[in-house]
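K.L.:
Turn this into a model:
(2 chains)
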Amino acid sequence: MSFLDYFRGKKSGSANVAKERLQIIVAHERGQRDQPDYLPQMQQEILAVIRKYVQISDDMVQVEVDRNDNCSVLELNVTLPER
Amino acid sequence: MARIIVVTSGKGGVGKTTTSASISTGLAKRGHKTVVVDFDVGLRNLDLIMNCERRVVYDFVNVIQGDATLNQALIRDKRVDTLYILPTSQTREKEALTKEGVEKVINELSETFDYIICDSPAGIEHGAQMALYYADEAVVVTNPEVSSVRDSDRILGILQSKSRRAEMGEDPVKEHLLLTRYNPDRVERGEMLSVADVEEILAIPLLGVIPESQVVLNASNQGLPVILETESDAGQAYDDAVARLLGEEREHRFMTNQKKGFFSRMFKGG
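P.N.:
Down below sits the predicted model:
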């Protein structure tokens, strides 16, 4: 860090990049940690069913499970392509 | 009832065995009857770090399988007389550690010891899960480096879901962050994640920061737990960590570079 950076309070090194990358990946992995094991396969199968009728890509279906105290909500979000 | 503390990390080579050796020695030096157990079946190394590799006759797996008694397998440390080492097997498979077998040994150790330190193998597989299963507390050893921090977060997830406490719905395993191989100089230059960065990402309480030090290799070369190098910064940092584990309040040291003065930092650009 040079003399001027001291006053700017700016860090020029790679540590900031490391921190940002870690925050993203750790948040992502924590989100998946609580999900049931069957979710990825279920997502694939739902995708296959929809594809019988409409052509959509993988990232257009999102499956999430929200857990409250005594019930779980399965949220299915499908974006259909414009005609 | 003994306090059972696992030393774990996910990633290998971050300092689990070095930490297990120092924490157990530190607790024993304060008069607590302590045993340190090597869970790294097949890759025995705690004996080497503790300088008792030539005194191993029976091991953890022998005790589990009933081929030896606990007293036959326990090795008494030659430096601190309240410290014992339970070495692991060099020849067996990781699967030799069964939940029931480990429980039997831990229960028997609990009757006579105040502290049981479990030195976990690297990874998140069977051996690591056995090491953390019965733990009341966990010391998560982390280097200020991306892969180590990510793996520490994985192991925290396992502590919160697959430990005995989690499965039984008891109070969760108490987590402690121990940051090792910390280089304040590189942190100051923005080249290394800072203590605050790692604390923010992992969000668990900080037990201590061990500065990167040549003393650590020197000590392991001789089979000496670093904490016994009482003049060194790493040794003192481990001593602070042990004190905090026992509930003492100690200010964190060795987190900034003390070798250079204010003016040289300002004008030479770190």
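
K.L.:
residue ranges with poor pLDDT in the chain?
P.N.:
No chain specified, so I'll use chain A. For chain A, applying pLDDT under 70 flags the ranges A:1-12, A:83.

K.L.:
nope, chain B please
P.N.:
B:258-270.

K.L.:
With only the CA atoms kept, save stretch B:30-42 in PDB.
P.N.:
Extracted as PDB, the C-alpha positions of stretch B:30-42 are listed here (Å, rounded to 0.1, in the frame of the first residue of the first chain):
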ATOM      1  CA  ARG B  30      -2.500 -25.800  34.100                       C
ATOM      2  CA  GLY B  31      -3.100 -29.000  36.100                       C
ATOM      3  CA  HIS B  32      -6.000 -30.400  34.100                       C
ATOM      4  CA  LYS B  33      -5.900 -34.100  33.400                       C
ATOM      5  CA  THR B  34      -5.900 -34.100  29.600                       C
ATOM      6  CA  VAL B  35      -5.800 -36.800  26.900                       C
ATOM      7  CA  VAL B  36      -5.200 -36.100  23.200                       C
ATOM      8  CA  VAL B  37      -6.600 -38.700  20.800                       C
ATOM      9  CA  ASP B  38      -5.400 -39.100  17.200                       C
ATOM     10  CA  PHE B  39      -8.400 -39.800  14.900                       C
ATOM     11  CA  ASP B  40      -6.300 -39.900  11.700                       C
ATOM     12  CA  VAL B  41      -6.300 -43.700  11.200                       C
ATOM     13  CA  GLY B  42      -3.700 -44.700   8.600                       C
END
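
K.L.:
which of the residues in that stretch are buried?
P.N.:
B:32, B:34-41 (16 or more other C-beta atoms under 10 Å in any protein chain shown). Every C-beta, even on glycine, is put in place using the N, C-alpha and C of the backbone.

K.L.:
if you look at those, which of them are in strands?
P.N.:
Using DSSP state E to define strands, the subset of these located there is B:34-38.

K.L.:
Please identify which of the residues you listed is nearest to chain A.
P.N.:
Comparing these against chain A with C-beta to the nearest C-beta places B:V37 closest, at 27.8 Å.

K.L.:
B:G123 versus the closest residue in space to that closest one that isn't next to it in sequence, what's the distance?
P.N.:
Distance criterion C-beta to C-beta, 6 or more residues apart in numbering or on different chains; nearest residue to B:V37, sequence neighbours excluded, is B:L86 at 4.4 Å. Distance, B:L86 to B:G123, using C-beta to C-beta, to the nearest Å: 20 Å.

K.L.:
Which other helices and strands does the top strand by length along chain B contact?
P.N.:
For chain B, the strand that runs over the most residues, judged by DSSP E, is strand B:174-182. Under the contact criterion of 3 or more C-beta pairs under 8 Å, 6 or more residues apart in numbering or on different chains; DSSP states H and E, the helices and strands touching strand B:174-182 comprise helix B:16-29, strand B:137-142, helix B:146-162, helix B:195-202, strand B:206-211.

K.L.:
Okay, now the sheet partners of that strand, with direction.
P.N.:
strand B:137-142 (parallel), strand B:206-211 (parallel) (DSSP bridges).

K.L.:
Out of those, indicate the one that is most buried.
P.N.:
Comparing these by mean neighbour count (mean count of other C-beta atoms under 10 Å in any protein chain shown), strand B:137-142 comes out on top with a mean of 26.

K.L.:
what about stretch B:5-16, start to end distance?
P.N.:
End-to-end distance for stretch B:5-16, by C-alpha to C-alpha, to the nearest Å: 12 Å.

K.L.:
just to revisit the earlier point, neighbour count: B:L86 and B:G123, which is higher?
P.N.:
B:L86 (25 against 18; other C-beta atoms under 10 Å in any protein chain shown).

K.L.:
Next up, phi/psi of the more buried one, please.
P.N.:
phi -110, psi 100 (degrees, to the nearest 10).

K.L.:
wait, doesn't it sit right on B:V35?
P.N.:
Yes - applying C-beta atoms under 8 Å as the test, B:L86 and B:V35 come out as touching, 5.9 Å apart.
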